[in-house]
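Novice: can't give you the sequence, but here's the structure:
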C-alpha cells in the first residue's frame, strides 16, 4: 500500500514538473514571481519544505521498483536533506536567496530551460510506471 502511494506521489511530482515547465514556457515572468515568493512567509516556506520531504520520501520508497533505483534514491535523499537544512536555517535567508535569483534570471533563460522541466517530469513518470 505504501509503495502504491509512493508511486502515485512520484507520478504527481512528474506531472508537477511538466506543469512547471509549461508555466515557465508560457508565463516566465509569473514563474519568476513564484520563485521570488518562496520562503516569503512561514506558511509558504514550511509548505514547500513539507512537500519536498514528501516527494523525497516517495522517491526513496519507489526507487527499488523503478528503472533507475540508485538515481531516484539519491535524488530523494537530496530532497530530504535539503528540506531539513532549509527548515533549520533562518527563513529570511531562504526568502532572500529566492528573491536574489528571481531578480537575476532573465526571462529568456526561463523559457530556454522550460523544456528541461517537462523532460524531467516525463522521464520521472516513465521511470516509476
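Specialist: Here it is on my side, so go on. Every value quoted in this text rests on a predicted model; they were computed, and no experiment measured them. Numbers count the residues shown, from 1 in each chain.

Novice: Please spell out which residues along the helix or strand containing residue 109 are buried.
Specialist: According to DSSP states H and E, residue 109 maps onto helix 107-128. By neighbour count with 16 or more other CB atoms under 10 Å, helix 107-128 contains the buried residues 110, 114, 117, 118, 120, 121, 124, 125, 127, 128. Heads up, the C-betas are built off the backbone N, CA and C, glycines and all.

Novice: Identify the residues contacting that helix?
Specialist: Residues outside helix 107-128 that contact it (CB atoms under 8 Å, 6 or more residues apart in numbering) are 7, 10-11, 13-22, 24-25, 28-29, 31-32, 62, 65-68, 72.

Novice: now it: how far from the chain's centre is it?
Specialist: 11 Å (CA atoms, centre = their mean, to the nearest Å).

Novice: for stretch 22-42, same thing?
Specialist: Average the C-alpha atoms of stretch 22-42, do the same for its chain, and the two points are 13 Å apart (CA atoms, centre = their mean).

Novice: same check, this time on stretch 19-31
Specialist: Centroid separation for stretch 19-31 versus its chain: 14 Å, with CA atoms, centre = their mean.

Novice: pLDDT weak spots in the protein?
Specialist: Judged by pLDDT under 70, the chain has no weakly predicted residues.

Novice: can you tell me which of the contacts of helix 107-128 are in strands?
Specialist: Using DSSP state E, no member of the contacts of helix 107-128 falls in strands.
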